[in-house]
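S.K.: Structure, please.
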Amino acid sequence: MVDWLETHRAVTLPSTNADGKPIVPMTDEQKYTFDLKGWLCLPGLLSDDQVGEVREHLMKVARDRESLPPEQRHIFGGPGQILLDHPVLVGVLNEITAHASMSSEECYGFRFDGAFLSLREAGHDNWSPHGGSGLYALCGNSHLYQAFPGRVHAGLTRCVWEINEVAEGDGGTRLLSGSHKAAFKRPAFTNERDCPLWETYTCPPGSVMVFTEALCHTGTTWTNEQRQRLSVFCCYNTIGAKWHADCPPAEVIAAMPPKRQSLFRGVWTGAGEGKGANRYLDESNWARFRPE
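M.R.: Modelled structure (predicted):
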């Protein structure tokens, strides 16, 4: 690490996630692929049992929310909370999104920015290409991508958990690889679905696809009549920035372990030690929802 990159110098990166599982750092291959393409698919991170529990929870959230206790009436309530800081996902976000000097063994250097649940039947279409050229975005825009030799930073990072299998031709998210660093205006032919520049992925249940929101991307038609697309689209940002207003209710956050709660602390950074630096969550330092 270059010494004068003060704002990205890690004091202590967390060695475990909120469940005490060891963080898995990105490999050199993963770093190169993410920088080259702007996205990365990490297959099969959840066990079969975890997939089953998360799927059952998400279907209740989608269709029978009131049957759940208040602290579970959210995507990230109950078993769904493990999606927030899976040890492999934390390793990626530590590398590409965290304000590393705000990390510690008690908190993450990145924050929850927003999320939504996607439950799509065959025939549902969501074609709407957007984004791209984030290397040239101003720092006030969270949809940016910064690069320095041996280091990258993705301001707003989208992590798509695929709870059901996504097979070839099903209609997973489309990605215009490399467009996060594009110097030219996106030409009209990329609006066509058969444009050969579009890429996608296949993956088993319990996989996550991570991409920078600086990349051009779109949904498309879900075609599989045997299974729905069941996905959680979660966004993360550096600790001192937030794009979406979304935040789980206070009772949902309160049911999480303390390190996971750190994803929802206030949108500021600070410096130094103690409460001068944003490495804590208490009743005075919540991103949006605060206890009475």
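S.K.: Surely R260 is within a helix?
M.R.: Yes - the assignment for R260 by DSSP: H, G, I helix; E, B strand; the rest coil puts it in a helix.
S.K.: Skipping its backbone neighbours, what lies nearest it in space?
M.R.: Residue nearest to R260 in three dimensions, not counting chain neighbours: A18, with 3.8 Å by CB to CB, 6 or more residues apart in numbering. Heads up, the C-betas are built off the backbone N, CA and C, glycines and all.
S.K.: Could you pull up the contacting residues of that neighbour?
M.R.: Contacts for A18 (CB atoms under 8 Å, 6 or more residues apart in numbering) come out as D85, M256, P257, P258, K259, R260.
S.K.: do G132 as well
M.R.: L176, S179, H180, A182, R186, A214, L215, C216.
S.K.: what does Q30 give?
M.R.: Q30 sits next to L40, V92 when contact means CB under 8 Å, 6+ apart.
S.K.: and H217, what are its bridge partners?
M.R.: H130, L175 (DSSP bridges).
S.K.: So which bits of the longest helix along the chain are buried?
M.R.: Using DSSP state H, we find that the single longest helix of the chain is helix 48-63. Buried residues in helix 48-63, counted by 16 or more other CB atoms under 10 Å: Q50, V51, E53, V54, R55, H57, L58, K60, V61.
S.K.: Name the nearest residue to the third one, sequence neighbours excluded.
M.R.: Nearest non-adjacent residue to E53, counting by CB to CB, 6+ apart: P79, 4.1 Å away.
S.K.: Return the distance of the one you found relative to D49.
M.R.: 10 Å (CB to CB, to the nearest Å).
S.K.: go on, N191?
M.R.: Taken as CB to CB, the span from N191 to D49 is 42 Å.
S.K.: And G38, by the same measure?
M.R.: As judged by CB to CB, G38 and D49 stand 33 Å apart.
S.K.: now swap in P257 and tell me
M.R.: For P257 relative to D49 (CB to CB), the value is 20 Å.
S.K.: got it, and W286?
M.R.: Applying CB to CB, the value for W286 to D49 is 32 Å.
S.K.: ok, now G178?
M.R.: According to CB to CB, G178 stands 37 Å off from D49.
S.K.: quick one: pLDDT of L68?
M.R.: According to the prediction, L68 has pLDDT 97.
S.K.: And for S262?
M.R.: The model's pLDDT for S262 equals 96.
S.K.: My guess is it contacts Y108. True?
M.R.: Yes - counting by CB atoms under 8 Å, S262 touches Y108, with 5.5 Å between them.
S.K.: mind showing which ranges of the stretch 101-250 of the chain have poor pLDDT?
M.R.: Scanning the stretch 101-250 of the chain for pLDDT under 70 picks out nothing.
S.K.: Please enumerate the strands of the stretch 151-292 of the chain.
M.R.: Along the stretch 151-292 of the chain, the stretches classed as strands by DSSP state E, counting those that start in this stretch are 151-154, 156-162, 174-176, 198-199, 207-212, 217-218, 229-238.
S.K.: Out of those strands, flag the one nearest Q72.
M.R.: Closest of the strands of the stretch 151-292 of the chain to Q72 is strand 229-238, at 14.8 Å (criterion: CB to CB).
S.K.: The closest one packs against which elements?
M.R.: helix 48-63, strand 110-120, strand 156-162 (3 or more CB pairs under 8 Å, 6 or more residues apart in numbering; DSSP states H and E).
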